[in-house]
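**Student:** below is the sequence, then the predicted model.
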Amino acid sequence: MSYPEQIYFGQDGEVSANFRPADTQPELGKPGDGIHYLATTQTTRGEFGLYRVMMKPRAGGPSTHFHRTISESFYILDGTVRLYNGEQWVDAKQGDFLHVPQGGLHAFRNDSDAPAEMLLLFTPGAPREEYFEKIGKISQDERTAFCEKHDSYFV
């Protein structure tokens, strides 16, 4: 395995880092139950998308699904998140990690009586923000096309 193709061709580096203070409000939802867009596809130039997901107690989550073009990884920061790895549900706790390659069946949910928090990583980057913002607002008739547009296939 080798390094990827060169992207930056300058000689002196550039000022292009993005800092996000810990007290930044979530872009979607509210503190304690929302999604923080830590690194979007736009800010990472398509390399990855990284989101901090904060779930209230008994928040549930998406049903079993897979992606064809992106992998998805979960890192538990706090609480207990139920992760489906394609074969079984696992109660993941702080420090636990699950990587799901393209095509891998998976799901997640908070079934506990306490809040939970995790990092969600998509690679390569994909514009997931529209998916998170609109999935709960679309009609059943729009769902199939919307999910296909966002590389989400529910089983």
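**Tutor:** Here it is on my side, so go on. Numbering: from 1, shown residues only.
**Student:** packing partners for the worst-scoring helix or strand of the chain on mean pLDDT?
**Tutor:** Between all helices and strands in the chain, the lowest mean by mean pLDDT, DSSP states H and E belongs to strand 28-30, at a mean of 88. Under the contact criterion of 3 or more CB pairs under 8 Å, 6 or more residues apart in numbering; DSSP states H and E, strand 28-30 touches strand 33-39, helix 128-134. Just so you know, the C-beta spots here come from the backbone N, C-alpha and C atoms, and that holds for glycine as well.
**Student:** following the last one, which helix or strand comes up?
**Tutor:** The element immediately downstream of helix 128-134 (helix or strand, assigned by DSSP states H and E) is helix 140-149.
**Student:** name the residues that touch that following helix?
**Tutor:** Here helix 140-149 makes contact (CB atoms under 8 Å, 6 or more residues apart in numbering) with 131, 134-135, 138, 153-154.
**Student:** give me every residue that touches the residue nearest the centre of the chain.
**Tutor:** Residue closest to the average C-alpha location in the chain (CA atoms, centre = their mean): Leu120, at 3.5 Å. For Leu120, the contact set (CB under 8 Å, 6+ apart) comprises 50-53, 72-74.
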